[in-house]
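> sequence first, then the predicted structure:
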Amino acid sequence: MTFLLFVVALQLRAPVVVIDPGHPSEVSSGAQVQNGTTEVHTAWLVALRLKQLLERQGMRVVLTKSSERQMVRNVARAQVGNRVRADLVVRLHCDASSDSGYAIYYPDRVGRAEGRAGPGTDVMHRSAAAAESLHVGMAPVLAQKLKDGGVRGDSKTLVGSRQGALTGSIFSEVPVVLVEMVTLSNPRDAAFIKTAAGRALMARAISDGVYRYVARPPGAPGSR
């Protein structure tokens with residue numbers, strides 16, 4: 001009986017999701033004003049809304065910082081997810097480029113940073129599955145609102161091209177994805193995410209993708 005209760009308890013364990021609102025970090029403060037707002041402010045507001053939505057779905061949610069301007073190094077952000085053995089870490093950022101729209105990134109190869117090589121093969125595979133699930137969940141919600149940049153490897157980012165993967169991915173022992181929610185340097189994208197309605201829609205889109213990943217039974221396509 002004790003063993004059966006233990007199995008049931010495991011089956012009923014609430015999924016743990018870590019939300020990592022981008023910046024400030026050792027790389028950037030995220031405080032540069034672009035088209036009337038900043039990356040750090042946008043990521044924080046979406047993170048708070050996303051936390052509410054995921055908790056309503058029965059998930060346990062942990063933030064990597066307790067206030068908008070709190071400085072947390074990228075290694076420490078990854079360690080939050082490792083410490084709570086998160087089912088998924090979702091990193092929220094805004095891009096700056098000549099492009100537009102959103103994209104989901106995952107570690108697609110082993111990288112090296114601060115004397116460490118990572119992540120492991122299992123983490124890369126599970127992160128890829130999580131990225132695909134997020135994209136499936138986000139695409140219909142954001143259709144006609146933002147350009148769909150699809151799923152991309154960390155190696156396609158500026159930092160990832162130098163290191164092989166993003167630092168937060170290299171140090172992660174659990175599945176991790178990074179969502180570039182908008183291209184903040186694009187006026188149309190910025191106008192969308194500056195509104196409460198736009199941020200709420202972005203949070204709902206990410207929430208749908210997260211739920212699709214963590215709620216699927218083990219062994220199912222796209223499951224963790």
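Arrived safely, thanks for sending.

> nearest residue to the middle of the chain?
Nearest to the mean C-alpha position of the chain, counting by C-alpha atoms, centre = their mean, stands V90 at 2.2 Å.

> secondary structure class for that residue?
At V90 the chain is in strand, as set by DSSP: H, G, I helix; E, B strand; the rest coil.

> contact partners for the closest residue to it other than its chain neighbours?
The shortest distance from V90 to any non-neighbouring residue, by C-beta to C-beta, 6 or more residues apart in numbering, is to I19 (5.5 Å). (C-beta placed from N, C-alpha, C; glycine too.) I19 makes contact with 47, 50-51, 54, 61-64, 90, 92 under the criterion C-beta atoms under 8 Å, 6 or more residues apart in numbering.

> show me what the residue nearest to the centre of the chain is bridged to.
Counting by DSSP bridges, V90 forms beta bridges with I19, V177.

> residues contacting it?
17-20, 50, 134, 176-177, 179, 206, 210.

> next one: Q52
Counted by C-beta under 8 Å, 6+ apart, Q52 has contacts A203.

> what about the residue nearest to the centre of the chain, distance to V33?
Separation of V90 from V33 (C-beta to C-beta, to the nearest Å): 25 Å.

> about what we covered before: of the contacts of V90, which is the most crowded?
Using other C-beta atoms under 10 Å as the neighbour test, the contacts of V90 are led by V176, with 34 neighbours.

> count the neighbours of the residue nearest to that one when sequence neighbours are not counted for me.
Among residues not flanking V176 along the chain, V89 sits closest, at 4.2 Å (C-beta to C-beta, 6+ apart). By the criterion of other C-beta under 10 Å, V89 has 29 neighbours.
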